[in-house]
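Trainee: Need a 3D model of the following:
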Amino acid sequence: MILASAQTKPHRFDTEKNLADHYRFIDIAAQNNAEFIAFPELSVTGYERDQARELAFEGNDKRLDGLKTLSAKYNMIIVAGAPVLVEKEMYIGSFILFPDGRVELYTKQFLHPGEEKFYSPSFCYNPLVEIEGERISLAICADIDHPQHAESASKVNTSIYIPSIFFSPGGIPGAYKDLSGYAQKYSMSILMSNFCVEAWGRPAGGQSAFWNTKGELTGSLNDSDPGLLIVKKNGDSIQTQSVYL
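Mentor: From the prediction side, this is the model:
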């Protein structure tokens with residue numbers, strides 16, 4: 001199978017521009033025959049706290065229609081992040097769009113300090129995605145700081161663990177160490193996507209990456225440019241390609 005990690009630079013408060021960027025990334029992922037693409041945390045809106053309710057999506061939000069169309073057109077599973085309002089509760093979520101029109105939701109389970117003023121954590125929305133014999137579990141940002149999250153993924157026989165994050169340059173070494181350790185300990189591949197350059201007025205560290213089941217880093221993007229990390233996975237055989245946009 002072929003996976004893609006999108007490394008993007010969000011436009012603050014401009015969902016329309018961010019969605020246009022998503023469409024462009026998805027088109028290029030399709031040209032590389034990707035069957036699955038993951039975007040960073042809150043990728044559709046950009047990372048925000050105070051503006052979360054104004055930017056929030058709901059389950060049947062019409063703003064998802066363009067992503068649904070591309071998912072069907074390219075037969076590709078798309079994971080895109082946004083603030084999500086569910087029964088008056090605000091969550092940091094990842095929408096999972098399937099080619100058959102289904103939309104599922106993953107919600108961030110562990111929050112960074114300060115996020116609790118605007119968002120709630122939730123363990124209620126944690127779907128397992130199955131494709132070509134692979135079992136995929138999602139994570140969002142601070143989830144990877146808690147080893148029990150990856151452990152829980154391993155208990156449902158996850159073969160590919162996919163964190164969507166917003167980490168600063170200073171946080172990347174720790175993230176790399178943790179993700180490499182999870183990959184090796186639980187024998188699961190890991191594909192991570194991060195913003196690059198800046199988000200929420202703060203620097204983002206880029207370096208979206210892939211680790212094999214031995215915890216070996218087999219491909220990564222740089223720390224400053226938007227692009228796609230394309231991963232061709234055939235059993236234990238891994239090939240990666242960096243495509244900068």
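Trainee: Just give me the residue closest to the centre of this protein.
Mentor: Centroid-nearest residue in the chain, with C-alpha atoms, centre = their mean: Ser164, separated by 3.0 Å.
Trainee: ok, now how distant is it from Gln31?
Mentor: Here the criterion is C-beta to C-beta, to the nearest Å. By it, Ser164 lies 22 Å from Gln31. Heads up, the C-betas are built off the backbone N, CA and C, glycines and all.
Trainee: same question, Tyr47
Mentor: 28 Å.
Trainee: neighbour count winner among these two?
Mentor: Neighbours were counted for Tyr47 and for Gln31 using other C-beta atoms under 10 Å; Tyr47 has more, 23 against 12.
Trainee: Test my guess that the more buried one contacts Ile165.
Mentor: No. Contact between Tyr47 and Ile165 fails when scored by C-beta atoms under 8 Å: they sit 10.0 Å apart.
Trainee: For those two, list the residues in contact with both.
Mentor: Common neighbours of Tyr47 and Ile165, counting by C-beta atoms under 8 Å, 6 or more residues apart in numbering, are Glu41.
Trainee: what distance separates the start and the end of stretch 4-13?
Mentor: In terms of C-alpha to C-alpha, to the nearest Å, the two terminal residues of stretch 4-13 are separated by 25 Å.
Trainee: tell me the mean pLDDT over that stretch?
Mentor: Mean pLDDT, computed over stretch 4-13, is 96.
Trainee: And for stretch 168-186?
Mentor: Mean predicted confidence for stretch 168-186 is 98.
Trainee: Residues in contact with that stretch: which ones?
Mentor: Under C-beta under 8 Å, 6+ apart, the answer for stretch 168-186 is 144-145, 147, 150-151, 153-154, 158, 161, 163, 165, 167, 188-190, 192, 194, 202-207, 209, 211-217, 223.
Trainee: Where is the longest helix in this structure?
Mentor: Secondary structure of the chain per DSSP state H: the longest helix is helix 15-31.
Trainee: Mind giving me the packing neighbours of that one?
Mentor: Counting contacts by 3 or more C-beta pairs under 8 Å, 6 or more residues apart in numbering; DSSP states H and E, helix 15-31 packs against strand 2-7, strand 36-38, helix 65-74, strand 77-86, strand 227-234.
Trainee: Flag the helix or strand of this structure with the lowest per-element mean pLDDT.
Mentor: strand 196-199 (a mean of 91; mean pLDDT, DSSP states H and E).
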